[in-house]
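**Q** make a model of this:
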Amino acid sequence: YCDTAPPGVNSVLGVQDGIAFLAVGEFDPASYEVRDHLWRTDGTQAGTLRLTAPGSIDYLFPDGAITTPVFLDGRLFFAHRREETGPLELWATDGTEDGTAFVAALDVGASATPAAIVAVGSELFVLLRKFDPVYHLALWKSDGTEAGTVEIEIFLGSFQSVEAAIPAEAVLFFSARTPIEGSPDTFSDQLWVTDGRPGGTRKLTAFPAYTSLPHTKLRLDEGRLHFYIEDSVSILQVWQSDGTVDGTFPLSAFSSEQMCCVRTEPPPIAELHGSTYFVGIGADEALALWRSEDFPGGATRVARLDRPNFDGDSEMVWLERFGDLLVFPAHGDHGWEIYTSDGTRSGTHELADLCTGECDGRPSRPLVLGDRIFFEAMDPQSNRQLWTAALPDLEPRQLTFPPARAGDSPVFAAPEVVRLSTGWLFAA
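**A** Next up is the predicted model:
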């Protein structure tokens, strides 16, 4: 991919309209360092090219899960420095060399680093971590032009890092790690929300010491944020937030013996018909589907998902929304199989006995793509098979194809399926 060695693809920054954007490390013989450059590819040799000239992007930011570059109006936006001590800049590319250009300077200070870049509606929200003389968090907003890229406000002194950033319809939820007052070596996460206007950034709640809230613990559904936290005495709480202080509260709490059920990533929480549903263990130690009552600590059991004394099998703890239904695994007359629910006890049913006979189907967390789901399940020969079901009839259908060699059986590591114009693509 380049004239110098050794090259290396550090990360896939994003994919849009059949074009993949890559951060590729290239060896710089002058400095004996590997510099990041921006590349694009359409899957052909002719369509694979470097968008930045040698030396133009020495330090490509960001490359983490939270600060991954984002698409807005057909362009990929990212932040970087052209020099180690130079200003932090916002750049954009449309996938062509001529369309890869500087947008605006975000901060002239050498200490500023991007904590999160997120598209909220038709604008970019940029959270910057800057030191002066302690770490602060600064909020910038951009419409994709130099004139429309402005600093909104600086807040949150003694700030350490942004752990999660989740965009909603017109606001950005984020969790920030800060020291506990009076104990500078002890940190805890706080949940914040901003609407991108001056004075529009507010703290929703602060959690106990050593409480972390990374992005893997949060889910957004129908405008409400759901997440779980674990405190220092191993009590795990399921929370929800509507973006207001009064609307941010715990739905239920679980002891250390019960948290096996909720401590999965993403958490088994989903929104349906205006109510929040989650999976957890009740007083009888049986795994169950619960519905929150929209007040702190209020929850009603909808259906039992397993017998008492749940053995902590975390692979059988997940919850997904599919249309107007919830999809999840439950242990019934046929062992572990896939179930659906409309949110009521009478509307909770087994979808199908996927592994007929004396065996468990053990369905995997499904991939929801529009009106269709893909998931794995065991067959009577103990092979993992790929299944699909579509609305409205939800009749499960096993996907079969000829083996590569006689006696071969396909093995699916996970239902990673993408939609193409000609059908569905998956690896086996």
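
**Q** point out where the stretch 151-300 of the chain drops to low pLDDT.
**A** 156-158, 184, 215-216, 230-236, 253-265, 283, 293-298 (pLDDT under 70).

**Q** can you show me the helices along it?
**A** With DSSP state H, counting those that start in this stretch, there are no helices along the stretch 151-300 of the chain.

**Q** got the contact list for the longest strand along the chain?
**A** Across the chain, the longest stretch assigned as strand under DSSP state E is strand 183-194. Contact partners of strand 183-194, identified using CB atoms under 8 Å, 6 or more residues apart in numbering, comprise 125, 139, 156, 158, 160, 163, 171-180, 200-213, 229, 241, 243, 248. In this view, the C-beta of every residue, glycine as well, is placed from N, C-alpha and C.

**Q** what sits against residue 91?
**A** Contact partners of residue 91, counting by CB under 8 Å, 6+ apart, are 57, 77, 78, 79, 80, 100, 101, 102, 103.

**Q** please redo it, this time with the cut-off set to 10 Å
**A** Residues near residue 91 by CB atoms under 10 Å, 6 or more residues apart in numbering: 38, 51-52, 56-57, 60-61, 69, 75-80, 82, 100-104.

**Q** what about residue 185, neighbour count?
**A** Look at residue 185: counted by other CB atoms under 10 Å, it has 6 neighbours.

**Q** quick one: the one helix or strand residue 386 maps to to chain centroid distance?
**A** Element membership of residue 386 [criterion: DSSP states H and E] is strand 384-390. Relative to the chain's own centre, strand 384-390 is displaced by 24 Å; criterion: CA atoms, centre = their mean, to the nearest Å.

**Q** re earlier: narrow the contacts of strand 183-194 to those in strands?
**A** 125, 139, 163, 172-180, 201-206, 229, 241, 248.

**Q** drop anything exposed from those residues.
**A** Among these, those classed as buried by 16 or more other CB atoms under 10 Å are 125, 139, 163, 172-179, 201, 204, 229, 241, 248.

**Q** right, and residue 118 touches residue 139 too?
**A** No. In this structure, residue 118 is not within contact of residue 139 by CB atoms under 10 Å, at 11.1 Å.

**Q** report the set of residues contacting both of those two.
**A** 125, 126, 127, 172, 174.

**Q** out of the residues you listed, flag the one nearest to residue 42.
**A** For these, the minimum distance to residue 42 (CB to CB) is 28.7 Å, reached by residue 126.

**Q** surely that closest one meets residue 117?
**A** Yes. Using CB under 10 Å, residue 126 is in contact with residue 117, at 5.3 Å.

**Q** how about low-confidence regions in the stretch 1-150 of the chain?
**A** In the stretch 1-150 of the chain (pLDDT under 70), the answer is 1-7, 28, 31-34, 53-68, 84-85, 108-110.

**Q** so where do the strands sit in it?
**A** For the stretch 1-150 of the chain, strands defined by DSSP state E, counting those that start in this stretch occupy the ranges 8-16, 19-28, 33-41, 49-50, 59-61, 70-72, 75-81, 88-93, 101-107, 113-120, 123-131, 135-142, 149-155.

**Q** to residue 195, which of those lies closest?
**A** The nearest among the strands of the stretch 1-150 of the chain, by CB to CB, is strand 113-120 at 8.7 Å.

**Q** and the nearest residue to residue 107 once chain neighbours are set aside, how many neighbours?
**A** Using CB to CB, 6 or more residues apart in numbering and skipping the chain neighbours, the partner closest in space to residue 107 is residue 88 (4.8 Å). When neighbours are counted by other CB under 10 Å, residue 88 registers 23.

**Q** I'd say residue 88 and residue 81 touch.
**A** Yes. The criterion here is CB under 10 Å, and residue 88 meets it with residue 81 at 5.9 Å.

**Q** one step back: what's the closest of the strands of the stretch 1-150 of the chain to residue 391?
**A** Checking the strands of the stretch 1-150 of the chain against residue 391 by CB to CB gives strand 8-16 as the closest, at 26.5 Å.

**Q** remind me what the closest one packs against, helices and strands.
**A** Judged by 3 or more CB pairs under 10 Å, 6 or more residues apart in numbering; DSSP states H and E, strand 8-16 is in contact with strand 19-28, strand 33-41, strand 59-61, strand 70-72, strand 75-81.

**Q** which one of the ones you listed has the most crowded surroundings?
**A** strand 75-81 (a mean of 22; mean count of other CB atoms under 10 Å).

**Q** go ahead and confirm residue 9 touches residue 48.
**A** No. Using CB under 10 Å, residue 9 is not in contact with residue 48; the gap is 11.2 Å.

**Q** any common contacting residues for those two?
**A** The contact lists of residue 9 and residue 48 share 1, 20, 22, 39, 41, where a contact means CB under 10 Å, 6+ apart.

**Q** nearest to residue 277, out of those: which one, please.
**A** For these, the closest approach to residue 277 (CB to CB) belongs to residue 20, at 36.0 Å.

**Q** isn't the closest one up against residue 39?
**A** Yes. Contact criterion CB under 10 Å: residue 20 and residue 39 qualify, at 8.7 Å.

**Q** find residues that contact each of these two.
**A** Counting by CB under 10 Å, 6+ apart, the residues touching both residue 20 and residue 39 are 9, 13, 48.

**Q** show me what contacts the last one?
**A** So the one you mean is residue 48. Applying CB under 10 Å, 6+ apart to residue 48 gives the contacts 1, 20, 22, 39, 40, 41, 42.

**Q** for the residues you listed, which one is nearest residue 386?
**A** residue 20 (24.7 Å).

**Q** send the alpha carbons of the particular helix or strand that has residue 349 in it over as PDB?
**A** For residue 349, the host element (DSSP H and E) is strand 348-352. Extracted C-alpha coordinates of strand 348-352, given in PDB (Å, rounded to 0.1, in the frame of the first residue of the first chain):
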ATOM      1  CA  THR A 348     -44.800 -14.400  25.900                       C
ATOM      2  CA  HIS A 349     -44.300 -17.500  23.800                       C
ATOM      3  CA  GLU A 350     -41.600 -19.900  22.500                       C
ATOM      4  CA  LEU A 351     -40.800 -18.900  18.800                       C
ATOM      5  CA  ALA A 352     -39.800 -22.500  17.900                       C
END
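
**Q** which residues are in contact with it?
**A** Strand 348-352 has contacts (CB under 10 Å, 6+ apart) with 289, 302-305, 325-328, 330, 332-334, 337-342, 361, 363, 373, 375, 377, 387, 389, 394-397.
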